[in-house]
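Visitor: sequence and predicted structure are below.
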Amino acid sequence: MQYRHRHLLGIEGLTPPEIILLLDQSERFVEQNRRADKKQALLNGRTIIILFFESSTRTRTSFELAGKRLGADVITMSIATSSVRKGETLIDTAMTLNAMHPDVLVVRHPASGAVKLLSEKVNCAVINGGDGSHEHPTQALLDALTIRRRMGRLSGLKVAICGDILHSRVARSNIHLLTTMGAQVRVVAPRTLLPSAVERLGVEVYHDMAQGLAGCDIVMMLRLQTERMQGNFVPSIREYFHFFGLTYEKLAEASDEALIMHPGPMNRGVEIDSVVADDYGRSVIREQVEMGVAVRMACLEILTRNLPRSDTPNL
Ligand code: ASP
C-alpha cells in the first residue's frame, strides 16, 4: 500500500487503506518514543520548516520533536519576528521559504483553504497543521490512533463529538476520518454551533447531551473557538456549561467504558468539568498528546518517501 499524495492537506478524500497505512506506521513510532534513545536517521539530510500563523502548543511542539527524532533539520518560523509583520503576503513568504529547498513545510493558518493555496506554489510536501475551521488532519489521525489502541477498532464504534462543531477543524477532520472508517458519528451542540446541513457529512445531529451521549463509546469534547466568533453564539458560559459541559451526570448516559477525549487546549468549567478531565481511568487526553508525536513522525516519514531522491535543483 502506498500513500499516493504529495501533501497531507486534509482527511477528506483519503481512502481507508491510506488512513490505515498512516495509523500502522504511527504505531511503529509509539514504542520508539518511549525508549531512552528516541532518535533515528530516517530523515537525515531532510529539512522541515514549521510555519504557524496561529498559536499552538501541542501541534507545533510535536511536529518539531517528530522531525528531530527522525534525524531531520527542523526550523520553526516565528511569525512575530518574520517579514509577515512587515506586510509580506502568505504566498511571498511561501515562495521565499521554497527557495531554501525545504523538503516539508508544516503550515497553520487562520484562513480555511490557505494551506492548500500555498501547497500549489511550492515544490516541497506540505502538511496542514490546521487551516481556519476547515481541517486538522494530524489531530484526527492521532485521535484515531488513540481510539484504535484502546478499543482495538474504529469500525462500528459510536462516537459523540460535542461542542463548537461550527468553528472546529478538529470536528471536520474527525467526522471525515471516523465515517470513512465505519464509525457511527453523532454531533451534539446547540443549533448556533452547528454548520448548516451538517448531516450531509454522514453524522446524526443532537441538541441534547443526554440523548447524544446515550450508549456512546467515545465522548469527544471541543472548546468554544471564541477567536473565530463574531458576536455571541451562546447566551452565557454558565448556561453553556449547564447544558453542554461534560459532567459525570451527563457521562452516565454513555457506555460504562466510554473514553473521554479532548484535542486541547481545554477550558475547564466551560466544555468539561475539571474532575472529568482528570479522571485518568477514562480520560485519554494525555495519551492523545503522546500519540500526536508518533502520528506526526509517520506523516513526515511517509510524505518524504514520495519526494524525489535526485539532486536536481527544484527551482
Ligand atoms: N488545538 C486544536 C486546533 O488547533 C483545537 C482547539 O484549538 O480548540 O484546532
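Guide: Yep, it's here.

Visitor: and for residue 222, nearest residue in space, chain neighbours not counted?
Guide: Spatial nearest neighbour of residue 222, chain neighbours left out: residue 163 (3.6 Å); criterion: C-beta to C-beta, 6 or more residues apart in numbering. Using the backbone N, CA and C atoms, a C-beta is placed for each residue, glycine as well.

Visitor: give me the neighbour count for that neighbour.
Guide: When counting by other C-beta atoms under 10 Å, one arrives at 29 neighbours for residue 163.

Visitor: and it, how far from the ligand?
Guide: Separation of residue 163 from the ligand (C-beta to the nearest ligand atom, to the nearest Å): 9 Å.

Visitor: identify the residues contacting that residue.
Guide: Contact partners of residue 163, counting by C-beta atoms under 8 Å, 6 or more residues apart in numbering, are 188-189, 193, 221-224, 244, 271.

Visitor: which one of those has the most neighbours?
Guide: Among the contacts of residue 163, residue 188 has the most neighbours (other C-beta under 10 Å), with 29 neighbours.

Visitor: now that one: phi and psi?
Guide: The phi/psi pair for residue 188 (degrees, to the nearest 10) reads phi -130, psi 110.

Visitor: touching the ligand at all, the strand or helix carrying residue 171?
Guide: Applying DSSP states H and E as the criterion places residue 171 in helix 169-180. Yes: Helix 169-180 reaches the ligand (C-beta under 6 Å from any ligand atom) through 169-170.

Visitor: any chance you could list what contacts that helix?
Guide: In this structure, residues lying in contact with helix 169-180 by C-beta under 8 Å, 6+ apart are 10-12, 14-16, 19, 112, 130-137, 139-141, 143-144, 154, 157, 159, 161, 164-165, 185, 187, 201-203, 220, 222, 263.

Visitor: pLDDT at residue 7, what is it?
Guide: Per-residue pLDDT puts residue 7 at 98.

Visitor: roughly how far does it sit from residue 128?
Guide: According to C-beta to C-beta, to the nearest Å, residue 7 and residue 128 sit 8 Å apart.

Visitor: please identify which of these two sits among more neighbours.
Guide: Counted by other C-beta under 10 Å, residue 7 and residue 128 do not tie: residue 128 has more neighbours, with 26 against 21.

Visitor: which residues touch residue 79?
Guide: 51-53, 85.

Visitor: in strands, which of those residues appear?
Guide: The strands, defined by DSSP state E, take in 51-52 from the contacts of residue 79.

Visitor: just the buried residues from the contacts of residue 79, in ChimeraX please.
Guide: Selection of buried members from the contacts of residue 79 for ChimeraX, criterion 16 or more other C-beta atoms under 10 Å:
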select :51,52,53
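
Visitor: residue 181: which of the contacts of residue 79 is nearest?
Guide: residue 52 (28.4 Å; C-beta to C-beta).

Visitor: okay, and the beta partners of that closest one?
Guide: residue 108 (DSSP bridges).

Visitor: what pLDDT does the model give it?
Guide: pLDDT, residue 52: 93.

Visitor: circling back to that earlier point, how close does the residue nearest to residue 222 sit to residue 245?
Guide: Distance from residue 163 to residue 245, by C-beta to C-beta: 9 Å.

Visitor: overlap in contacts, the two.
Guide: By the contact definition C-beta under 8 Å, 6+ apart, residue 163 and residue 245 are jointly contacted by residue 271.

Visitor: check which helix or strand covers the nearest residue to residue 2 once chain neighbours are set aside.
Guide: Nearest non-adjacent residue to residue 2, counting by C-beta to C-beta, 6+ apart: residue 21, 7.8 Å away. Here residue 21 sits within helix 16-34, counting by DSSP H and E.
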